[in-house]
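> Sequence plus the predicted model coming up.
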Amino acid sequence: MISNHGTGHNESMIDVEEALSKILAVFTPLSIKEIDILETNGMVLAQDVISQINIPPLDNSAMDGYAIKHEDVNNATSTNPKRLRVVATTAAGDLPYSTLLNNESVRIMTGAPVPKGATAVVPFEDTSDNFKNKISTNEEVQIYTDSIIGQNVRKAGQDVTSGETVLKSGTKLHPSHIALIASLGKATVKVFRRPEVAILATGNEITKPGNSLDKGQIYDSNSYGIAAAVKESGGNPLILGIAKDDFKSIEAKLNMCKEADFVITSAGVSKGDFDIVKDVLSKNGTIEFHSVRMKPGKPLAFGLLQHNDKQIPLVGLPGNPVSALVAFEQFCRPAIRLMLGNELKPRATIKAILDDDIRNPDGRRIYARAFVYKKDDVYHASLSGVQSSNILSAMAKANGLAICPENKPLVKSGEEVAVMMLYWPSEVF
Ligand code: AMP
Ligand code: MG
């Protein structure tokens, strides 16, 4: 658990991995809730899902056509068709016709139950039945092809059998999983609940988008980028607003987040005169570290906020908007996924050929904003703009973060780098 440094700050910079493991050590999966499957996209199952039914429930047709006995159409061709009497028409939702006798057929639609005694379905295209010439019950249909047992018949239980474990606890739910659960007739499922993530911007100069901009002010971009990233990670963002750079203002705002599972602040964590998030945190809890060997994102505070008996993890992201988003990726997204019960898989990393140099003068891990594209089946990464931590437009043009290791003073253009992919734009890949 977190050690109590009181108000004393540990001045040393720690590595990204150490920072991440210290952060993740205080998080656990949240409580389990049974909720409407419509709300569960991206959540993690907290139960095995077991089917009580066969899917499909009955043998049914995979085509629009004629249900037949395969032995009745042996050697049938268009020049030597077999004639079968049509005894019924069956649509999806109807009960199965009972029972097909020799030289009989049932006109059948996709999804409709196959009659007892039928062994195959011949599609309309291979019969004398078409839209111009629709054949009615008690008439004859000509079959132009032979067939084998089971052809175009979807067997009961082919997809799922009754009693089968269809999904395991721990599965992250995607739309296909949700469709599968619905197909079993289940409207609710047990998942780990979503974390409530409080987001606080700090800074005297910060104002809300939509307000007019007074001299010296800038708009709050961090709260919005962080809120979107929280949502994308699976959490519920709760925007606390903007605190002034004074102890009381920050403390008062943090007092509003007692119900939160996680607090993310931005700015006020470096070494300036007004960087007092750390002070507020150490007075109201504990600080574990406040400096990470990475660029951007070096000033990054982590600790526990004490609210009566409850301790709420707090990550104090840097103020610069690029730093805030890059550091969110490394530390906050994994923490949110852990609370959601997820196996912690990092964003996919690919190897790419760098188009530009990355200089690393002070031995930190650089996450350079880069655009990855494919040329002649090889990934290339171009820096997406000026690499200062305030240049949000370069972050917005990036689809990945090219990683320059701590011990590498220079990665040269033409060298291979690892790129952590933030997005996979389909127009490129
Ligand atoms: P600080 O960490 O307070 O020194 O802030 C570093 C830089 O980030 C300063 O230029 C701030 O103006 C800027 N900044 C701080 N908070 C925000 C925010 N919420 N949105 C956009 N920029 C911010
Ligand atoms: Mg500030």
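Nice, I can see it. Ligands and ions are numbered 1, 2, ... in the order given.
> C-alpha only now, for contacts and for neighbours.
Fine.
> Residue ranges of each domain in the protein, please.
16-30+194-339, 35-55+159-192, 60-154, 349-421 (automatic domain parsing).
> could the ones you listed be laid out in JSON lines, adding mean pLDDT and mean neighbour count?
Shown next, in JSON lines, are the domains of the chain (pLDDT from 0 to 100; neighbours: other C-alpha atoms under 10 Å):
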{"stretch": "domain 16-30+194-339", "mean pLDDT": "97", "mean neighbour count": "20"}
{"stretch": "domain 35-55+159-192", "mean pLDDT": "98", "mean neighbour count": "17"}
{"stretch": "domain 60-154", "mean pLDDT": "96", "mean neighbour count": "19"}
{"stretch": "domain 349-421", "mean pLDDT": "97", "mean neighbour count": "19"}
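> any chance of those domains in JSON lines, plus distance to ligand 1?
JSON lines is the format used below for those (distance: least, C-alpha to the nearest ligand atom, whole Å):
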{"stretch": "domain 16-30+194-339", "distance to ligand 1": "3"}
{"stretch": "domain 35-55+159-192", "distance to ligand 1": "27"}
{"stretch": "domain 60-154", "distance to ligand 1": "55"}
{"stretch": "domain 349-421", "distance to ligand 1": "7"}
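> With distance to ligand 2 added, can I get these in JSON lines?
Formatted as JSON lines, these follow (distance: least, C-alpha to the ion, whole Å):
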{"stretch": "domain 16-30+194-339", "distance to ligand 2": "5"}
{"stretch": "domain 35-55+159-192", "distance to ligand 2": "34"}
{"stretch": "domain 60-154", "distance to ligand 2": "63"}
{"stretch": "domain 349-421", "distance to ligand 2": "13"}
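> Nearest to residue 428, out of these?
Evaluated with C-alpha to C-alpha, these place domain 349-421 nearest to residue 428, the distance being 5.9 Å.
> And the next helix or strand past the longest helix seen in the chain?
The longest helix of the chain (DSSP state H) is helix 222-233. For helix 222-233, the following helix or strand on the C-terminal side (DSSP states H and E) is strand 236-243.
> who touches the helix or strand following that next one?
Moving toward the C-terminus from strand 236-243, the next helix or strand (DSSP H and E) is helix 247-254. Helix 247-254 is contacted from outside by 200, 202, 240-241, 243-244, 276-277, 279-280, using C-alpha atoms under 8 Å, 6 or more residues apart in numbering.
> 6 Å instead?
Residues outside helix 247-254 that contact it (C-alpha atoms under 6 Å, 6 or more residues apart in numbering): residue 243.
> Distance from it to the middle of the chain?
34 Å (C-alpha atoms, centre = their mean, to the nearest Å).
> can you pull the contacts of the residue most central in space within the chain?
Per C-alpha atoms, centre = their mean, the C-alpha nearest to the average position across the chain is that of residue 42, at 4.9 Å. By C-alpha under 6 Å, 6+ apart, the contact list for residue 42 reads 172-174.
> Give me the nearest residue to it, chain neighbours excluded.
residue 173 (5.1 Å; C-alpha to C-alpha, 6 or more residues apart in numbering).
> Would you report the backbone torsion angles of the residue nearest to the centre of the chain?
phi 80, psi -10 (degrees, to the nearest 10).
> name the element residue 141 belongs to?
strand 140-143.
> actually residue 319, not the one I typed
Going by DSSP H and E, residue 319 is not part of any helix or strand.
> give the contact list for it.
266-267.
> Leaving out chain neighbours, which residue sits closest to residue 372?
residue 381 (4.3 Å).
> which ones are touching the one you found?
Applying C-alpha under 6 Å, 6+ apart, the residues near residue 381 are 352-355, 370-372.
> Wait, a strand at it?
Yes. Assignment of residue 381 by DSSP: H, G, I helix; E, B strand; the rest coil places it within a strand.
> just the helices in the stretch 201-350 of the chain please.
222-233, 247-254, 277-283, 321-327, 333-339 (DSSP state H, counting those that start in this stretch).
> Let me have those in a markdown table, adding distance to residue 422 as columns.
Formatted as a markdown table, the helices of the stretch 201-350 of the chain follow (distance: least, C-alpha to C-alpha, whole Å):
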| stretch | distance to residue 422 |
| --- | --- |
| helix 222-233 | 11 |
| helix 247-254 | 30 |
| helix 277-283 | 28 |
| helix 321-327 | 10 |
| helix 333-339 | 12 |
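> Let me know which of those helices is the nearest to residue 406.
helix 321-327 (15.9 Å).
> now for that closest one, which elements pack on it?
Using 3 or more C-alpha pairs under 6 Å, 6 or more residues apart in numbering; DSSP states H and E as the contact test, no helix or strand touches helix 321-327.
> to the chain's geometric centre, what's the distance from it?
With C-alpha atoms, centre = their mean, you get 20 Å for helix 321-327.
> same question, stretch 213-220
With C-alpha atoms, centre = their mean, you get 35 Å for stretch 213-220.
> Likewise for stretch 158-168?
For stretch 158-168, the distance to the chain centre is 24 Å (C-alpha atoms, centre = their mean).
> now what about that stretch, what contacts it?
By C-alpha under 6 Å, 6+ apart, stretch 158-168 touches 48-55.
> sorry, back to before: residues in contact with the residue nearest to residue 42?
41-44.
> Can you add distance to residue 427 and give the domains of the chain back as CSV?
Output for the domains of the chain, formatted as CSV (distance: least, C-alpha to C-alpha, whole Å):
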stretch, distance to residue 427
domain 16-30+194-339, 21
domain 35-55+159-192, 22
domain 60-154, 35
domain 349-421, 10
